[in-house]
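**Q** When you get a sec, could you give me coordinates for this:
(one chain, ligands or ions: 1)
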Amino acid sequence: MQLLIKNARIRHKKEWMDIAVEGGKIMDIRPGIVSEAEEVIDAEGHLVTSSFIEPHIHLDKVNVLDELPDAKVVTLEDAIEVQAIAKKNYSEERILKRGGDVVRREIANGTLHIRSHIDLDDVAGIVTYDGVAALKEAYKDTVDIQIVAFPQVGLMKCPVAKELMAEAMRRGADVVGGMPANENTPDDSRAHVKFCFDLAEKYDADIDMHVDETDDPFYRTLEMVADEAIARGYIGRVTAGHTCALAAYDDHYAAYVIEKVAKAGMRIITNPPTNLMLEGRMDKQPIRRGITRVKELLDAGVTVCFGQDNLNDTFYPFGAANSLQLANLTAHAAQMTAPDEIEKLYDMITTEAAKILGLGDYGLEVGKTADMVILSAQDIREAIRLDSDRLYVIHKGKVVAKTKREVSLMI
Ligand SMILES: [Zn+2]
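**A** Below is the predicted model of the structure:
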């Protein structure tokens, strides 16, 4: 046997379990497994779960703030504008270096699946694809990175982005992105949506768009995307990130759109770090939170997850590539404090995010790939509350990272 984990505390189970791994797969989960193993870990009653998933990040942009120490950003428009300055200096090597720092942090923090958007426009060109593809290749033995072709500055506004989107898909991007609200008219937004669906159909790819990342209720592209998914039968294949305007609509229209989102089998990713910072920025008190209607979407049966989005870039100056920290932030932003809501937050970085990334071979179950994390925690609430150490991060039955903080109290 490759690995035997003894005395694991597993979610929703009272009794401690042993987990047997062979050939990178979970072979058995039950108490009292007796067998020889190349490696034996005594979890000592600590929580053992599936490894984490980061469903929405921008690995081409991360850490770019280190290159722009004087950047001053107030709005999303500022962030895009200042980012464009850095974009001129993008190179495959720079993206590999900046992104590599984040990927290593993700691994250390127990995240072994990542979905990254990459900017495609007249300034970025295609180097963002090449840089993140190089990152994907460099870390492929440990982490799985999906690439989303993303026209940040629009497609009608920036027609060369259409060619770059097609080129990125030809080169091997996994998912078609979009940013339909960033066009000059609703008709252009509709044309943007149609272009993205046409491209996705051509490659039989999933879609993951940035949708209505604004607190202005004028923008209604979430409904456009849901309508298009329903019309084309692209059910269960479309994810919308942000959807902040949904929170700005009146309750009646919001309920109407949520019903369409549910009908289209769409998934939603909220990104509290960036949205808490950039939405509602011009409000006088009370200042809106800016995140989407998480609880209403969940109540409608929609899969909702959350992502880091931006990290140490012009959109967001912090971020630690830490899914437990994000769960804590999302709990505050979405007011999720009841026991079942706290459990749901953990589902959002594990099993629910797996649905968005289309990971069939994922989960703490017999027969699945042994991607796991052993936390210095007894339960989910403690893990999120204390940002518990990832005592072991395990990929395909192999330990790929260990963390144990030492604290010396001099009292
Ligand atoms: Zn984003």
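**Q** Please count neighbours and contacts with C-alpha atoms only from this point.
**A** Noted.
**Q** for the stretch 51-200 of the chain, what spans make up the helices?
**A** 76-87, 92-108, 127-138, 160-171, 186-203 (DSSP state H, counting those that start in this stretch).
**Q** weakest of the ones you listed in terms of mean pLDDT?
**A** Lowest mean pLDDT within the helices of the stretch 51-200 of the chain: helix 76-87, a mean of 84.
**Q** ok, residues contacting that one?
**A** Contacts of helix 76-87 with the rest of the structure, by CA atoms under 8 Å, 6 or more residues apart in numbering, involve Val64, Glu67, Leu68, Ala71, Val73, Val123, Ala124, Leu278, Glu279, Asp313, Thr314, Phe315.
**Q** looking at the helices of the stretch 51-200 of the chain, which is buried most?
**A** helix 127-138 (a mean of 21; mean count of other CA atoms under 10 Å).
**Q** which residues sit against it?
**A** By CA under 8 Å, 6+ apart, the residues outside helix 127-138 that reach it are 59-60, 90-96, 99-100, 118-120, 143-145, 147, 149, 168, 173.
**Q** Using CSV, list the CA coordinates for that helix.
**A** As requested, the backbone C-alpha atoms of helix 127-138 are provided in CSV (Å, rounded to 0.1, in the frame of the first residue of the first chain):
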residue,chain,number,x,y,z
VAL,A,127,1.6,36.3,-24.0
THR,A,128,-0.9,35.8,-21.1
TYR,A,129,-1.9,32.4,-22.6
ASP,A,130,1.7,31.4,-23.1
GLY,A,131,2.7,32.5,-19.6
VAL,A,132,-0.1,30.7,-17.8
ALA,A,133,0.3,27.6,-20.1
ALA,A,134,4.0,27.5,-19.1
LEU,A,135,2.9,27.7,-15.4
LYS,A,136,0.4,24.9,-16.0
GLU,A,137,3.1,22.8,-17.5
ALA,A,138,5.7,23.6,-14.8
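**Q** circling back to that earlier point, out of the helices of the stretch 51-200 of the chain, which comes closest to Leu359?
**A** Closest approach to Leu359 among these (CA to CA): helix 127-138, 16.8 Å.
**Q** check contacts around the nearest residue to Leu364 once chain neighbours are set aside.
**A** Distance criterion CA to CA, 6 or more residues apart in numbering; nearest residue to Leu364, sequence neighbours excluded, is Ser50 at 5.5 Å. Residues counted as contacts of Ser50 (CA under 8 Å, 6+ apart) are Thr350, Tyr362, Gly363, Leu364, Asp371, Met372, Val373.
**Q** For stretch 294-306, buried residues please.
**A** Neighbour counts over stretch 294-306 (16 or more other CA atoms under 10 Å) mark Val294, Leu297, Leu298, Gly301, Val302, Thr303, Val304, Cys305, Phe306 as buried.
**Q** starting at the chain centroid, how far to the helix or strand of the chain with the lowest mean pLDDT?
**A** When each helix and strand of the chain is scored by mean pLDDT, DSSP states H and E, helix 76-87 comes last, with a mean of 84. Offset of helix 76-87 from its chain centre (CA atoms, centre = their mean, to the nearest Å): 21 Å.
**Q** Doesn't Leu329 lie inside a helix?
**A** Yes: counting by DSSP: H, G, I helix; E, B strand; the rest coil, Leu329 is located in a helix.
**Q** Can you pull out the low-pLDDT segments for the stretch 1-150 of the chain?
**A** Along the stretch 1-150 of the chain, the model assigns pLDDT under 70 to no residue.
**Q** what about Asp60, how many residues close to it?
**A** Neighbour count of Asp60, defined by other CA atoms under 10 Å: 28.
**Q** should've said Val74
**A** Val74 is flanked by 14 other residues according to other CA under 10 Å.
**Q** Quick check: closest non-adjacent residue to Glu38.
**A** Per CA to CA, 6+ apart, closest to Glu38 is Gln2, 5.2 Å.
**Q** just the buried members of the contacts of helix 76-87?
**A** Among these, the ones that count as buried by 16+ other CA under 10 Å are Val64, Val73, Val123, Ala124, Leu278, Glu279, Asp313, Thr314, Phe315.
**Q** what's the angle between the least confident helix or strand of the chain and helix 127-138?
**A** Relative orientation of helix 76-87 and helix 127-138, computed by axes from the mean of the first three to the mean of the last three CA atoms, to 10 degrees: 70 degrees.
**Q** domains in the chain, as residue ranges please.
**A** Split into domains by automatic domain parsing, the chain comes to 3-51+362-401, 52-357.
**Q** nearest to Ser408, of these?
**A** Across the domains of the chain, closest to Ser408 is domain 3-51+362-401 (CA to CA), at 16.1 Å.
**Q** Straight-line length of that closest one, end to end?
**A** Domain 3-51+362-401 has an end-to-end distance of 15 Å (CA to CA, to the nearest Å).
**Q** and if you look at stretch 303-317?
**A** Stretch 303-317 has an end-to-end distance of 28 Å (CA to CA).
**Q** Quick one: distance of that stretch to the chain centre.
**A** 8 Å.
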